[in-house]
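Colleague: mind folding the following:
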Amino acid sequence: MSAAQRPPLRVEQALRLLPDVDALAPLRAFLISTSRARAPAEPYRTVGKRFVQPGHLREAVPLAVSRITDHLAGLFDSAVQALECEQRGDLSGAVYALLAAGEREERVGRLAQAFTWCDHALRLAAELNDRRAEIDTLLRLGHLERIRLRQEDAARFYQRALALADAEMDARAAAVACRGLGEAALGQARWQGAESWFTRGLQYTGEEGLAGRLQLGLGEVSRNRGRLDEAEARLRRARELLEALQDVGGLVRLLNAWGQLEAARERQAEALAAYREALAKLPSLGRHPRLEMAVRLNISELYIEWGRLPEAEDELRRAEEEAILHNVPRFLARIYVMLGQARARQRDDAGFVFFEKAIELCRGSDPLPHLEAEAYLEYALFRRELGDTDEARAYLERAREILESVGDGNTLARVDAALALVERH
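Modeller: I've put the predicted structure just below:
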């Protein structure tokens, strides 16, 4: 039997044979991104159950090596540029060279490595008399920690950036730091704090694009606090500012937020229209997988609440393809939690496979403890609905342990409420 005729390997089989070492990390990621599902009719398929043909992978290795080589060449170029800047006595230039390397790593989803480059840049920037480079580095680190779902750490970096920006009378940087602090507070469900930061950011800036993003943040705060008319007014103001600048990225985020507002009003058709408009604008931005996945997850959540579960699963599978192709474990974990929730609505006990996979992804090389705790919480609710109270209690206790270790009081309150409900039954 020729290699092409042999049955393909499951991704989980292939990964079991490849050591999880730095040298093979690009090959492991490439293996996952090039895997294929045999048939869309597999309702419980996760990334580990997809298939890869080693022979086809061998044929693709030159392309993978070329991409990896280009990426490494860019990193090496940044490193050499930093050395040349140091030789010229331009330490600030060296800092920005290291930040450029961090941005390269972020673009390919290597967030832990991106953080390492930027953290190294921060140590150099602290030696400078001019605080500009240090402010930019702190803002970059805050951004990285926020998208890694480490909101407390993100807030600490943004706070330091704000203090320096105030001292340097850099109003724009101060506004950006306030926006970051607001978004970190949103990520922790601290609505009052988020509102204060977004409002303070507006006091620093008259720049329309940045003001539009800050107004967008305020709109999201109002929606989360149940002040829907206020949310509409703030989002309309944000749209005016963003449309004036033809800020497509900002408008996509605005439409995504508008869809969430309409969903909160239980106007499902209008919410779906806003989400679809957001997706229609995305191609003009080029590839923006994280933004696309964020919109698709909201569409999926809408369909789940609407009771249109097959359509929810279709959207989640589209988002799954993007998350696999672009190697974004945090989105993939969320997708599997939502697939589990959709199965829970159908009282399908086989849906446990999605929660198990989500938890496994959260324990990867760049751990996601907050998301892991949320996965355990949803898994517990799934088990409780099926009458498995002992398992539900065990998963809630595990979620509690994780949250106590990372200091997430808001999710902890949800876990305690779920535990109380389980104990009553």
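Colleague: residue 213 contacts residue 179, correct?
Modeller: Yes. Assessed by C-beta atoms under 8 Å, residue 213 is found in contact with residue 179 at 6.1 Å. Just so you know, the C-beta spots here come from the backbone N, C-alpha and C atoms, and that holds for glycine as well.
Colleague: and residue 40, what pLDDT?
Modeller: For residue 40, the pLDDT comes out at 59.
Colleague: can you pull out the strands in the stretch 1-150 of the chain?
Modeller: Listed from the start of the chain, the stretch 1-150 of the chain has strands (DSSP state E, counting those that start in this stretch) covering 9-10, 51-52.
Colleague: dump those to JSON lines, plus mean neighbour count and distance to residue 409.
Modeller: Shown next, in JSON lines, are the strands of the stretch 1-150 of the chain (neighbours: other C-beta atoms under 10 Å; distance: least, C-beta to C-beta, whole Å):
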{"stretch": "strand 9-10", "mean neighbour count": "18", "distance to residue 409": "40"}
{"stretch": "strand 51-52", "mean neighbour count": "18", "distance to residue 409": "42"}
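Colleague: output the ones you listed as a markdown table; include the columns mean pLDDT and distance to residue 142.
Modeller: Compiled in a markdown table, these are given as follows (pLDDT from 0 to 100; distance: least, C-beta to C-beta, whole Å):
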| stretch | mean pLDDT | distance to residue 142 |
| --- | --- | --- |
| strand 9-10 | 88 | 39 |
| strand 51-52 | 87 | 37 |
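Colleague: quick check, central residue of the protein?
Modeller: Here the mean C-alpha position of the chain is nearest to the C-alpha of residue 147 (C-alpha atoms, centre = their mean), at a distance of 5.1 Å.
Colleague: any idea how far it lies from residue 75?
Modeller: Computed as C-beta to C-beta, to the nearest Å, the residue 147 to residue 75 distance reads 20 Å.
Colleague: same question, residue 199
Modeller: Between residue 199 and residue 75 the distance, using C-beta to C-beta, works out to 40 Å.
Colleague: swap in residue 320?
Modeller: For residue 320, the distance to residue 75 (C-beta to C-beta) stands at 29 Å.
Colleague: residue contacts, residue 265?
Modeller: By C-beta atoms under 8 Å, 6 or more residues apart in numbering, the contact set of residue 265 is residue 228.
Colleague: same check, this time on residue 63
Modeller: Under the criterion of C-beta under 8 Å, 6+ apart, residue 63 has no neighbours.
Colleague: same question, the one 5 residues further on
Modeller: Remark: with contacts taken as C-beta under 8 Å, 6+ apart, residue 68 is in contact with residue 26.
Colleague: just the pLDDT for it.
Modeller: At residue 68, the predicted lDDT confidence score is 84.
Colleague: what separation do you get for the residue nearest to residue 168 when sequence neighbours are not counted and residue 173?
Modeller: If the residues on either side of it in the chain are set aside, residue 168 comes closest to residue 131, at 5.2 Å by C-beta to C-beta, 6 or more residues apart in numbering. Noted for residue 131: a distance of 9 Å to residue 173, by C-beta to C-beta.
Colleague: neighbour-wise, which of those two wins?
Modeller: Neighbours around residue 131 and residue 173, counted as other C-beta atoms under 10 Å, are more numerous at residue 173. The numbers are 23 against 19.
Colleague: which parts of the stretch 151-300 of the chain are helices?
Modeller: Secondary structure of the stretch 151-300 of the chain by DSSP state H, counting those that start in this stretch: the helices cover 151-167, 171-187, 191-204, 208-224, 228-244, 248-264, 268-281, 289-306.
Colleague: helices or strands next to the third one in the packing?
Modeller: Taking 3 or more C-beta pairs under 8 Å, 6 or more residues apart in numbering; DSSP states H and E as contact, the helices and strands that helix 191-204 lies on are helix 171-187, helix 208-224.
Colleague: quick check: angle from the last one to helix 248-264?
Modeller: Here helix 208-224 points in a direction 10 degrees away from that of helix 248-264 (axes from the mean of the first three to the mean of the last three C-alpha atoms, to 10 degrees).
Colleague: same check on the first one?
Modeller: Counting by the same axes, to 10 degrees, helix 171-187 points 30 degrees away from the direction of helix 248-264.
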